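Novice: what follows is a protein structure lacking sequence information:
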């Protein structure tokens with residue numbers, strides 16, 4: 001049910017984010033834990049961005065997309081975690097209606113952009129392994145720029161549809177969101193009207209932004225595995241598998257919980273379980289990305305030691 005144009009879109013002027021616990025001692029422990037996770041995520045992803053920008057050897061399509069992924073991860077955790085940290089220590093857990101709208105939109109934009117970026121990264125690995133001699137031709141810098149811009153554009157517009165359809169619903173109370181941030185399904189459950197039509201819209205968006213990209217990633221890796229098995233050199237084969245394993249690990253930790261949250265039926269909605277699962281694609285994935293791509297990547301480690309060496313010499 002849509003509210004008529006010009007009419008106040010909600011009786012609710014603010015929402016209350018319940019978070020994880022009402023116990024002050026538990027909240028202090030959670031504050032320390034999530035603060036460490038947040039700082040580690042920002043520092044880890046920030047370090048990857050700095051290394052890629054400083055080391056000329058990393059100025060390739062693969063690391064260009066990895067740099068964008070790190071920026072998206074920093075944006076995702078910064079959209080939700082700092083506010084959650086404040087709410088863990090503050091007596092008030094309120095968020096204005098406009099603030100909830102903005103948080104939902106920004107988080108959705110970054111998350112949907114990341115969904116599509118994983119497809120682009122899979123295509124990058126497909127070209128690098130299946131057509132290594134034509135890699136720089138097939139993935140020119142012009143094409144890389146257009147692919148990156150396309151993922152951002154799709155994320156912006158898809159999130160706008162999702163957010164607008166959710167926040168235009170009438171909210172006449174209660175206003176307690178059983179979550180640590182304004183996530184679509186959690187906020188929509190408070191609407192005082194039938195939300196099946198909006199849920200169908202979200203399902204269609206999820207199919208195009210989750211199922212289709214995931215299918216393309218799987219198709220790419222089927223071709224990649226077939227190409228790797230044809231490589232005669234054991235060392236080259238292991239290197240190719242190692243490169244793909246990093247990407248597949250991150251994709252799994254991101255897509256598995258996101259698919260569950262946004263593609264399950266409304267009847268299986270469980271606020272407490274959803275809060276825990278959302279931590280995987282929001283907080284833990286952002287922490288996992290720099291760990292996976294730095295510990296398993298010789299180029300990143302080499303760039304780190306090179307930059308550190310320059311710093312010591314300059315000092």
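Specialist: Structure's in. What do you need? All values reported here derive from a predicted model rather than from experimental measurement.

Novice: where do the strands of the stretch 51-200 of the chain begin and end?
Specialist: All strands of the stretch 51-200 of the chain, identified by DSSP state E, counting those that start in this stretch, fall at 94-96, 176-177.

Novice: the closest residue to residue 195 other than its chain neighbours: how many residues sit nearby?
Specialist: If the residues on either side of it in the chain are set aside, residue 195 comes closest to residue 188, at 5.3 Å by Cβ to Cβ, 6 or more residues apart in numbering. (Glycine included, C-beta is placed from N, CA and C.) Residue 188 is flanked by 20 other residues according to other Cβ atoms under 10 Å.

Novice: which one of the strands of the stretch 51-200 of the chain lies nearest to residue 299?
Specialist: The closest approach between residue 299 and any of these, judged by Cβ to Cβ, belongs to strand 94-96 at 41.6 Å.

Novice: can you count the residues close to residue 241?
Specialist: What residue 241 shows, counting by other Cβ under 10 Å, is a neighbour count of 16.

Novice: scratch that, residue 70 is what I was asking about
Specialist: 25.

Novice: return the per-residue confidence for residue 154.
Specialist: With respect to pLDDT, residue 154 has a value of 92.

Novice: wait, it sits on residue 113?
Specialist: Yes - contact status for residue 154 versus residue 113: in contact at 7.2 Å, counting by Cβ atoms under 8 Å.

Novice: the two: who's more crowded?
Specialist: Comparing residue 154 with residue 113 by neighbour count (other Cβ under 10 Å), the higher total belongs to residue 113, at 26 against 18.

Novice: how close does the residue nearest to residue 195 get to residue 11?
Specialist: 16 Å (Cβ to Cβ, to the nearest Å).

Novice: phi, psi of residue 183?
Specialist: Per-residue torsions, residue 183: phi -100, psi 140 (degrees, to the nearest 10).

Novice: once you drop chain neighbours, what's closest to residue 304?
Specialist: In space, and not counting its chain neighbours, residue 304 is closest to residue 51: 5.9 Å by Cβ to Cβ, 6+ apart.

Novice: surely that neighbour and residue 300 touch.
Specialist: Yes - here residue 51 reaches residue 300: they are 6.3 Å apart, a contact under Cβ under 8 Å.

Novice: mutual contacts of these two, please.
Specialist: Common neighbours of residue 51 and residue 300, using Cβ atoms under 8 Å, 6 or more residues apart in numbering, are residue 58.

Novice: any weak-confidence spans in the stretch 1-150 of the chain?
Specialist: Along the stretch 1-150 of the chain, the model assigns pLDDT under 70 to residues 1-10.

Novice: try it again with 80
Specialist: Under the criterion pLDDT under 80, the flagged ranges of the stretch 1-150 of the chain are 1-12, 21-22, 91.

Novice: how near is the residue nearest to residue 195 to residue 167?
Specialist: As judged by Cβ to Cβ, residue 188 and residue 167 stand 9 Å apart.

Novice: what's the answer for residue 183, then?
Specialist: Applying Cβ to Cβ, the value for residue 183 to residue 167 is 13 Å.

Novice: past the helix or strand hosting residue 246, which element shows up next along the chain?
Specialist: Using DSSP states H and E, residue 246 maps to helix 234-263. Using DSSP H and E, the next helix or strand after helix 234-263 towards the C-terminus is helix 271-279.
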